[in-house]
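In: Show me how the following folds:
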Amino acid sequence: MVSAPATRESGYRLLVRTYQEALYWRARQLVGSHEDADDVLQEALVKACRGLSGFQGEARLSTWLYRIVTNEALTWLRKRKRRIGNGGSLMEEDSAASLEADSYVGPGEAERLLAESLATLPDRQAQVFRLRYYEELSYEELSARLGVSVGALKASYHHAAKKIEAYIRQQSG
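Out: As a prediction, the model looks like this:
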């Protein structure tokens, strides 16, 4: 549908209509705020549409799209860290504050502490934790989406969970 010029535009529209919401929530989990997720989604959809003619079909289309959104979100987070500086504390405070003030996140103390703790994690650990905890993906599904071995994913999740637990204990105690 996207290879023929006459149907290319309708194919792109169908792709966006079909996957936009799921991809938005994927970006949202990674970057935190609505505005940032919209920016990441926009860039990812442009890249997906440009690269769609080269899609080989070796993975499911949804897996390929999730990978593009994930890569775009990680690139966005790295750029943001560079802009803010090496300390990262401003980013962590800003991210936690935006999650706390956001209408999509509940006002409870547990949600606030979890959001704050996630903002302190390295990008990969936060990403793996969010996918495993919120989307309840198996390690095999995570491996297919992220292109990372199951063992590395298990280690990332374990380290993230320990850091989150320590952060919450420190803040609560």
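In: list the buried ones in the strand or helix carrying T63?
Out: Per DSSP states H and E: T63 is located in helix 61-84. By neighbour count on 16 or more other Cβ atoms under 10 Å, the buried set for helix 61-84 is 64-70, 72-74, 76-77, 80. For every residue, glycine as well, the C-beta is placed using N, CA and C.
In: again with stretch 31-41
Out: 31-33, 36-37, 39-41.
In: Tabulate the buried residues of helix 61-84 (TSV), appending distance to T18.
Out: Listed next are these as TSV, based on distance: Cβ to Cβ, whole Å:
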residue	distance to T18
W64	13
L65	9
Y66	13
R67	16
I68	15
V69	14
T70	18
E72	18
A73	20
L74	24
W76	23
L77	26
R80	29
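In: just the buried residues of stretch 31-41 now: which is nearest Y134?
Out: Proximity of the buried residues of stretch 31-41 to Y134, judged by Cβ to Cβ, is greatest for G32, which lies at 12.5 Å.
In: ok, so what distance separates that closest one from R132?
Out: Separation of G32 from R132 (Cβ to Cβ, to the nearest Å): 17 Å.
In: most centrally placed residue in this structure?
Out: Centroid check for the chain by Cα atoms, centre = their mean gives L30 as the closest residue, at 2.9 Å.
In: can you tell me which two in the buried residues of stretch 31-41 are farthest apart?
Out: Across the buried residues of stretch 31-41 (Cβ to Cβ), the longest gap, 13.5 Å, separates G32 and L41.
In: Following the chain past the longest helix seen in the chain, name the next helix or strand.
Out: Determined from DSSP state H, the single longest helix within the chain is helix 5-31. Downstream of helix 5-31, the first helix or strand assigned by DSSP H and E is helix 34-51.
In: Other residues contacting that following helix?
Out: 12, 15-16, 20, 23-25, 27-28, 30-31, 64-65, 68-69, 72-73, 76, 102, 104 (Cβ atoms under 8 Å, 6 or more residues apart in numbering).
In: by how many degrees do the helix holding T63 and helix 34-51 diverge?
Out: Here the directions of helix 61-84 and helix 34-51 differ by 130 degrees (axes from the mean of the first three to the mean of the last three Cα atoms, to 10 degrees).
In: contacting residues around helix 61-84?
Out: So helix 61-84 is contacted by 15, 19, 22-23, 26-27, 30-31, 36, 39-41, 43-44, 47-48, 51, 55, 59, 88, 90-91, 123, 127, 144-147 (Cβ under 8 Å, 6+ apart).
In: Thanks a lot, see you next time.
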